[in-house]
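>>> What shape does this take:
(chains A, B, C and D)
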Amino acid sequence: MILVWLIVILLGAGALAWLAGRFGAEWPRWISLVAAGFDLALVLDFWARHRAEVEIIPQGRWLAEFNRAWVPQYGIHFHLAMDGLSLLMVALTLFIGMMAVLCSWKEIQKGVGFYHFNLMWILAGILGVFLAVDLFLFYFAWELMLVPMYFLIAIWGHEHRVYAAIKFFIFTQLSGLLMLLAILGLYFVHHHATGVYTFEYSDLLGTPMSPRTAMLLMLGFFVAFAVKLPMFPFHPWLPDAHTEAPTAGSLILAALLLKTGAYGMIRFVVPLFPGAARAFAPIAMTLGVVGILYGAVLAYGQTDFKRMVAYTSVSHLGFVLLGIFAWNTLALQGAVVGMIAHALSTGALFMLVGQLYERTRTRDLNQLGGLWATAPVLSGVGMFFMLGSVGLPGLGDFVGEFLVLLGTYRAHVLLTALATVGVLASTFYGVQMVQRAFHGPNVHHWKIADLHGRELLIMGPMMILLLGLGLYPLPVLKTFSPAWKSLERSTRSVVSEARR
Amino acid sequence: MLNLLWLIPALPMAGFLILGLFGSRLSRQAIPILGAGSVGLSAAVSLWVAGSFFISPPAGYAYTQVLWRWLEAGSLHLPIALYLDPLSLIMMLVVTCVSFLIHVYSAGYMSDDEDMSRFFAYMNLFVASMVTLLLASNLALLLLGWEGVGLCSYLLIGFWYRDPVNGYAGRKAFIVTRVGDTSLLIGLFLLFRHLGTLDIQTLMERAAHQWPVGSPLAVAAGLLLLGGAVGKSAQLPLQTWLPDAMAGPTPTSALIHAATMVTAGVYLIARMHVIYQLAPSAQFAVAVAGAATLTLAGFSALTQADIKRALAYSTVSQIGYMFLALGVGAWSAAIFHFMTHAFFKALLFLGAGMIIESLDHEQNMFKMGGLRKELPVVFWTFLIAGCALAGVPLVTAGFYSKGLIVWQAEASSAGRWGFWLVAVFGVFLTAAYTFRIIFLTFFGEPKSHVHKRPGLAMTVPCVILAALSMVGGFVKTPEFLGNIHIFTGFLHHALPPVAATRAASMSEMGSEAWVTLALMAGFAVAYFCYIYRPEFSESLTRPAIGKALYRFWKSDWGMDWLYDRLFVWPVMWFARVDARDAVDSIYTGMARLCELFYHGARQTETGRLRWYAAAIALGAVIFVAVVLFL
Amino acid sequence: MATVPMMHALLVAGILFALGVTGLLVRRNILFILMSLEVMLNAAGLAFVAAGARWGQTDGQVVFIFILSMAAAEVAVGLALVIQIYHRFKSFDADRASEMKG
Amino acid sequence: MPSSDLIALLPLLVVAGTSVVVMLAIAIHRSHRLTSLLTLIGLACAFASLWVARTLTPTEASPLLEVDSYALFFLGLILAATFVVVILSYDYLEKQDVNREEFYVLLLVASLGSSVLILSAHFVSFFLGLELLSVALYALSAYVFTRERPLEAGIKYLVLAAGSAAFLLFGMALVYARLGTMGFPQIGALLSGGDQLLKDPLILAGMALIVTGVGFKLALVPFHMWTPDVYEGAPAPVTAYVATVSKGAMFALLVRFFYQTRGVTLGPVFLVFSLIAIASMLVGNLLALLQSNVKRILAYSSIAHLGYLLVAFLAGGRWAAQAVAFYLVAYFITTLGAFGVVTVLSSGERDADALEDYRGLFWRRPWLAGVFALMLFSLAGIPLTAGFVGKFFLLTAGVSASLWNLVIILVVTSVIGLFYYLRVIVVLFATEEPAAEVAAALPPLSASGGSALLALTALLVWLGVDPAFMLSVIQRAVLSLKGL
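Numbers count the residues shown, from 1 in each chain, chains lettered A, B, ... in the order given. Just a heads-up that it's a prediction; the model follows:
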């Protein structure tokens, strides 16, 4: 039941915020903040109470569940369920959600009510994606989160917002529809095999089918998630969307929406089609590595601060993809930690760019420079998250990348080596960024205010969490491991069946 | 008392946090006290720990302190744990003590820099990371320290960030060392894949059990680790960053780029010595890298005009000696030379720093001279350090450490005549460039005016270091000189003694004799060129060949030139031409295509009634045809 | 009595229909266009009659009656429109009425 | 004709009766309010009478008309749609200076025609219904004859509709000539009987010509060209009617005819339909891509949507039937909603069909813009709207028959379509201020129109969130269709 509440609260808060918008701009802000905070509290409380089963053995597959018939004629159920993986993602979503509300406190002045409506509904949609275990419901949520995101970019974005918004929408929509076809294909294949029409995830696991069918259906799912991830060469929507979106938009895109892609890969692509995934793994991993290097080099070449950070996402998510398709304990643990760490470091960088933009009205790295003298705290924070982004040991991203690479090495030595070069490549843009923004001479004589209370309130927790993730990632690892075990179990059983 | 171990990294870290968070609010007096104090405390603690270690050694001469669980996934179980054994103990002692002295020195040196708090914060962070590196019980934690020191070096080289040149040097250092780190990482992956752990001691045992001598895996691992080591320790082919690193404040150069960080590579190889014992070819590679580096860097040092660059090349070359020692299996000799080198090289830099300060940031040696009377303290300490560097017999520490290496380059089972020759030639070079520096700066006519004299805070550490540079060698002396070996004896609990020396090898005494000769020759050359006949040295560089050779050596054998063209420029070029992302044009192309179709299709909607009717009729005809004839 | 074979009748109807279509396409004058429409409809009607005759049913002729009446209704509306159009465009040229396009 | 048949046909009779009553009422006393009220009441009664007729289903009221729950469902659909159109028209006509009252008579006659189409099981009733509908529509689309565009639309529609009707008739004649019967069931029986019949040129040619006639009414490529002009020219409510009722009735007939006669199982006919579907999806969406006239955009999108429907139609079987039915419902609601917004924004001088009329509407009329946006999202098939569920069912049907090529094309083209829906939405939410005169020209929103829109929106979201109920209704209805 808690699962429904999580979503309903956000939806309700969104509607309320919209209505309250006419009574003054403060109302929507506080409403959304409280709603997200309350949700987060719920989740953390749940986490605390289920710590034992989260960390030792899960009772069955799910920690919490909610299941009602929705469209019985088609075997569609409104089925939400949560395991360790979803739990982590949900917690992350709500935390980032609060940050998003906070960081748009001053930035958004037009249509505040509608803005927060969209914000809340995006979060609700993302929660739906992380919690749905009925494939129709999943697709429903998957599409649902696009619309408010689209509005966020198209209404409150920067100069080329319309182009970026439409591009974003079309990329995701096309890939999503292909996934829908794959879902339907699976639906009928399953019926053909068992005589049952169902979209239920755990029923569809282990559907027997010919390798060719499996490969085609797997690709259907894969494309959708690869576009969201984003995987090279499906990434071009991302730099535009990130660059043009308002700060909160970029934050949510980078920290959450991209994660839904990775989540989908972990939850659906490999478990549903283990054989095909294994066969496809080399290609996927290669593309991941290409993405790592390509993203890093392009990030190095950008002059727009936001665009640069956007390309680093391409690079980082390449590691996640690599880890997922290596499909072993270390790699997956790494991938999950990497997802969270990327959410923190890159998300924070986007907020930092936003804060810089509020002060200097520019994102052009050629215009910036030498800010350390006038805003040391801001620059220090920027340096900190840059170090996270270049995978400095002791910060979250390192744990993720290190585990991923450790795991991937078992699967593929050469690709691992290349990916490690990617870690090196991240240094290029990292130091480059610090140099062009904060170090060097202050040629344009910037005199800007340093970070103040609210901004420190945003950045502080992000830094602490990133550091904590780097030095004590155990809670995350332990929470994910049971979920991982059941995922692995299902794939293993399927493979053995296929062999028999 | 060993359980205080965690304090040694923790104290500087605390110093870093306080300075980093509240540095702007602290008074200018408090900052150096806090900065130097934290390191001083940790030095004291390490002395305390060392003492108790000597007095009551723990079982097996090794002590592990687990702080907390860190990375646990599947078969991987890595705690944050400290491991103390003779090797790490000695390194830790040297690092903390030298760091303390240099911090004190910095208190004077940086006293009028507005960013002092940031400086001390970075320095403290460095000490914390360095100690973590040394005490790490597993390779992942070692990597943490490893990257940490790299970061601090980057931050401190670019400390005066307003000048882009410093920023460039910092970035270069960070990236080049990270090139090495990449290879190190892959090495880690390999070790974990095949030995199933990253805990160093367990690794050593398993390797010894599972891998036969000369097994390809061991060789691969050895070479990959070596890659990391040469990066950090500025050995061929990755030495190019160190000279530029001199852009940082001089205490930084002294601490990071002379005494401590750059020797991390040596520590790493010593730490992982079992791998190299299993992989003779890899070990040979280590020796070759060392030998090559020490000569090439020696030549470069001979040609530098900037005093700090000259010292930097000398550092590179001295670390070359240590690698040579490691390469021939003289583990403890390498560590011995590390210790003595830490003393005198730090001292040389501090001296250089004082000179530069007093000459108002003049670094060109040809603009110095005659400082002997102006700065007596500096002169004497610098002289002592120089002698130690050159290895003046009996009275200096350098003599003992270097002499040991030179001898074992030939004597040890892995030794070669070639190595010995190179080593001796290296001694010649060392003497030559050392005294070149001394003569150019302290002798001859004063060419520039002295502005200020160094204060106590700066001179006292130098004096202490000078003392250490002299007596520091007496912990290990040759047979014919009392044959003391406290040092090696102690180390042999962690590192194996030199493999049985070959029968037909020369005596230690003979080797030392040759070393002394080479030293004298070098001194003579320097004296001839810079005191007796200064014009002669100019005459050398006048002919085209001389000039070319001079520029070639001065530019570090043109390595930067090469690397720029091989690696740097291609990447930058690609990043620049593809900044708009070629992949995107595919999709925009599709969009264009659709628009084209739109404009095409639009032409059919003419608005003319009869045209529409024609379309219908045509459609009917076509479909009738289709159903009839298909 | 000798009956016309159905195929021939259909052929005639087809030709008639084709003529109607041609008229519809080549004539600009709206009135002639309407006439061509009549031709087409009646061609279809003829085909029905022929078909009905072939099966000895009256249905064909019944349909023809329907067609006639419907055609009348259409022409009624059509002419009304034509008048309005002549008011506006001052011509019977069908191509004049083509401001909506693209 | 037994009385039971009369009861079964009650809905038709009520509609017909209403038209007569309204006509007389006009003769007695001209009152716009009264006539529209009478019309609404009549439609409501007809709607209610469906339940009466339901007691007798399935029955054949004469060989011409087949009253089964399939037919009743679609009757209900078009009656409801007409009801909404009447409400919208009332507002619209209030702003026009023409005789308003006859409009409703024509509307009722058109609905009568559509009802006949839905019920027809015979060529004659098919033709009758079609012509009833068409003739009324000629007049309707040119109703506001004080302007040029309606006239142009009217004459174009008349000539082309009559011409295509002729094609249709000729096709019927050919089929009749070969089979000697005009009843759908009998044709079906004969076709499923003889194998050589399936290759008979007369039948194939006849079918092709029938497809032409049907294709024209459904505005399928290549018979689509009239659509944008008529949509643009005709008064907004009439456009709504053309887009929904006439197409819906025709599609209901299409399904009945080709399923009952097994016509679609003829290989060549199937091929023809596939070609038409592909062409419609592509051309429709491409034509709308950069179009700047809202009515034309909706016209082109309707072409594409009928193409989507054909995909499901071709899939055949129960999946297809219920998918088609549900999609039509969703499409009705959406289209009525969209044109409803256009209607309420239109003035006496011109219809609000320029994209510029909608710039930044959200910031001045949030609810109206919200409704429009929702309708567009529904057309684009985005969740929370009926359009999403509808498209989902279509794809399900397509995949169930594994028509992969068609389905893939559907997906790709619908994404192309997404682009122009988003273009309109962008304009709706554009933040820059619109031209002053545009802002000034916003007519006030009447209660009736507003409530109609609100109801449609509620329906849209209800079907989008909880389609189970409607689906069960549809299943009960369509599964009664013979030949599934």
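>>> give the contact list for the residue in chain C that chain A sits nearest to.
Relative to chain A, the nearest point of chain C is C:G102 (22.5 Å; Cβ to the nearest Cβ). In this view, the C-beta of every residue, glycine as well, is placed from N, C-alpha and C. Applying Cβ atoms under 8 Å, 6 or more residues apart in numbering or on different chains to C:G102 gives the contacts B:R602, B:E605, B:G607, D:Q291, D:R296.
>>> Quick one: these as a markdown table, columns for secondary structure and pLDDT too.
Below are the contacts of C:G102 laid out as a markdown table (DSSP: H, G, I helix; E, B strand; the rest coil; pLDDT from 0 to 100):
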| residue | secondary structure | pLDDT |
| --- | --- | --- |
| B:R602 | helix | 91 |
| B:E605 | coil | 89 |
| B:G607 | coil | 87 |
| D:Q291 | coil | 92 |
| D:R296 | helix | 94 |
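>>> tell me the domain boundaries of chain B?
B:1-137, B:138-557, B:558-600 (automatic domain parsing).
>>> Chain neighbours aside, what residue packs nearest to the spatially most central residue of chain B?
Centroid-nearest residue in chain B, with Cα atoms, centre = their mean: B:V262, separated by 2.3 Å. Distances taken as Cβ to Cβ, 6 or more residues apart in numbering or on different chains place B:S233 nearest to B:V262, at 5.3 Å, with adjacent residues excluded.
>>> same deal with D:L456?
In space, D:L456 is closest to D:G337, 4.3 Å off (Cβ to Cβ, 6+ apart).
>>> how far does the helix or strand harbouring the one you found sit from the chain's center?
Taking DSSP states H and E as the definition, D:G337 sits inside helix D:317-345. Distance, stretch centre to chain centre, for helix D:317-345: 8 Å (Cα atoms, centre = their mean, to the nearest Å).
>>> Show me the contact partners of the next helix or strand after it.
Sequence-wise, the next helix or strand downstream of helix D:317-345 (DSSP H and E) is helix D:361-364. Applying Cβ under 8 Å, 6+ apart, the contact partners of helix D:361-364 are A:G111, D:L368, D:A369, D:G370, D:F372, D:A373, D:L428, D:F429, D:T431, D:A439, D:L442.
>>> when you check the residues you listed against the strands, which ones overlap?
If you go by DSSP state E, those have nothing in strands.
>>> By pLDDT, give me the weakest of those.
Within the contacts of helix D:361-364, pLDDT reaches its minimum at D:A439, with 58.
>>> ok, the residue nearest to A:A132 when sequence neighbours are not counted - contacts?
Nearest in space to A:A132, with sequence neighbours left out and distances taken as Cβ to Cβ, 6+ apart, is A:F138 at 3.9 Å. Residues counted as contacts of A:F138 (Cβ under 8 Å, 6+ apart) are A:G128, A:V129, A:A132, A:Y201, A:F268.
>>> give me the number of residues near the nearest residue to D:F47 once chain neighbours are set aside?
Nearest non-adjacent residue to D:F47, counting by Cβ to Cβ, 6+ apart: D:L79, 4.8 Å away. By the measure other Cβ atoms under 10 Å in any protein chain shown, the count of residues near D:L79 is 25.
>>> Is D:L79 within a helix or a strand, and which one?
Applying DSSP H and E, one finds D:L79 within helix D:69-94.
>>> CA atoms only: put the host helix or strand of B:I384 into CSV for me.
Secondary structure assignment for B:I384, by DSSP H and E: helix B:376-390. This file holds the C-alpha atoms of helix B:376-390, laid out as CSV (Å, rounded to 0.1, in the frame of the first residue of the first chain):
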residue,chain,number,x,y,z
PRO,B,376,76.3,31.5,4.5
VAL,B,377,73.8,29.2,6.2
VAL,B,378,72.2,28.5,2.8
PHE,B,379,75.5,27.9,1.3
TRP,B,380,76.8,25.4,3.9
THR,B,381,73.6,23.4,4.1
PHE,B,382,73.3,23.4,0.3
LEU,B,383,76.9,22.3,0.0
ILE,B,384,76.4,19.4,2.4
ALA,B,385,73.3,18.4,0.6
GLY,B,386,75.1,18.6,-2.7
CYS,B,387,78.0,16.5,-1.5
ALA,B,388,75.5,13.9,-0.2
LEU,B,389,73.8,14.0,-3.6
ALA,B,390,77.1,13.5,-5.4
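>>> Which other helices and strands does that helix contact?
Where contact means 3 or more Cβ pairs under 8 Å, 6 or more residues apart in numbering or on different chains; DSSP states H and E, helix B:376-390 is packed against helix B:331-358, helix B:371-374, helix B:397-411, helix B:417-442, helix B:456-471, helix B:508-527.
>>> any weak-confidence spans in the chain?
As the question left the chain open, I've gone with chain A. Within chain A, the stretches with pLDDT under 70 are A:53-60, A:493-500.
>>> Switch to chain C, please.
In chain C, residues with pLDDT under 70: C:1-2.
>>> Next, the contact list for the residue of it found nearest chain B, please.
Closest approach between chain C and chain B, counting by Cβ to the nearest Cβ: C:K101, at 3.0 Å. C:K101 sits next to B:E605, B:T606, B:G607, B:R608, D:D229 when contact means Cβ under 8 Å, 6+ apart.
>>> go again using 7 Å as the cut-off
When contacts are counted by Cβ atoms under 7 Å, 6 or more residues apart in numbering or on different chains, C:K101 touches B:E605, B:T606, B:G607.
>>> what's the closest non-adjacent residue to it?
Using Cβ to Cβ, 6+ apart, the closest residue to C:K101 is B:G607 (3.0 Å).
>>> got it, and A:G430?
Nearest non-adjacent residue to A:G430, counting by Cβ to Cβ, 6+ apart: A:V390, 3.7 Å away.
>>> separation between that neighbour and chain C?
54 Å (Cβ to the nearest Cβ, to the nearest Å).
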